[in-house]
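Peer 1: Quick one, what's the 3D model for this:
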Amino acid sequence: MKHKEAQFSSKFVERWHQIALWCAFQVLRFWWFIRRPSHHGALMLIWFENQVLLVRNSYQPYWSSPGGSVERDESPLNAVVRECEEEIGLQINANEVVLVQESTLRFRFRSDKVSIFEWHALNRPHIKLDFREIIEAKWLDLNDARQLDLVPHLSEYFEKLVLISNCEAVYVPIELGASSAKRQ
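Peer 2: Got it, this is the predicted structure:
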């Protein structure tokens, strides 16, 4: 009986944390609407066997990847490595991480600069959700990931990946044809 009571108590506390995070996020959104600030964030795309790990926060409707704000005097790389450990309990060697895109978009009434990093895991990483901030995680291939309601920076990056992969399939024969025409 004590186990069920402890389990109920734990879920109750988790739910209150989720509600508190959601309320705090709504206050922030209101503040951003008034102030129109600039923000710098960092996201980590964790790939394993052509699947990417996406997470859903308790306080927003969008899917994202692990990541968060770049603190003052912190590099985007250090921020994203720190956020991965905080959000999903995953320690990543910064030397194995690659910056793949930086973009600035208007999002949530602010100028939102996001540095997107990739890490390709050799083995499927064990992740640990806190069920307070991060409430869900999924491993998806690129096509399935694109079907989700994503934060705009990830949506933009995934669209570029699709365009690049489509262009490479078409571009290689065209390049070969063009170079053979030059030789004549």
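
Peer 1: Quick check: the nearest residue to residue 149 once chain neighbours are set aside vs residue 90, distance?
Peer 2: What sits nearest to residue 149 in space, not counting adjacent residues and going by Cβ to Cβ, 6 or more residues apart in numbering, is residue 62, at 5.6 Å. The C-beta positions use only the backbone N, C-alpha and C, and glycine is treated the same way. Applying Cβ to Cβ, to the nearest Å, the value for residue 62 to residue 90 is 21 Å.

Peer 1: what do you get for residue 83?
Peer 2: Between residue 83 and residue 90 the distance is 10 Å, computed by Cβ to Cβ.

Peer 1: go on, residue 57?
Peer 2: With distances taken as Cβ to Cβ, residue 57 is found 16 Å from residue 90.

Peer 1: Model confidence for residue 32, exactly?
Peer 2: For residue 32, the pLDDT comes out at 55.

Peer 1: Average pLDDT for stretch 119-138, rounded please.
Peer 2: The pLDDT scores in stretch 119-138 average 91.

Peer 1: what's the answer for stretch 93-104, then?
Peer 2: For stretch 93-104, mean pLDDT rounds to 91.

Peer 1: ok, back up a step: pLDDT value on the residue nearest to residue 149, please?
Peer 2: For residue 62, the model assigns a pLDDT of 89.

Peer 1: hmm, back to that, which neighbours do residue 83 and residue 90 share?
Peer 2: Common neighbours of residue 83 and residue 90 (criterion: Cβ atoms under 8 Å, 6 or more residues apart in numbering): residue 66.

Peer 1: unless I'm mixing things up, residue 50 is touching residue 141, no?
Peer 2: Yes - look at residue 50 against residue 141 with Cβ atoms under 8 Å: they come within range, at 5.8 Å.

Peer 1: check contacts around residue 127.
Peer 2: Residue 127 makes contact with 53, 88-90, 137, according to Cβ under 8 Å, 6+ apart.

Peer 1: nearest residue to it other than its sequence neighbours?
Peer 2: residue 88 (4.2 Å).

Peer 1: so how many other residues sit close to that neighbour?
Peer 2: Neighbour count for residue 88, taken as other Cβ atoms under 10 Å: 22.

Peer 1: Distance-wise, check it relative to residue 15.
Peer 2: If you measure residue 88 against residue 15 using Cβ to Cβ, the figure is 20 Å.

Peer 1: now swap in residue 124 and tell me
Peer 2: Taking Cβ to Cβ, one finds residue 124 at 29 Å from residue 15.

Peer 1: Repeat that for residue 44.
Peer 2: According to Cβ to Cβ, residue 44 stands 27 Å off from residue 15.

Peer 1: out of the two, which sits in the busier spot?
Peer 2: residue 44 (25 against 13).
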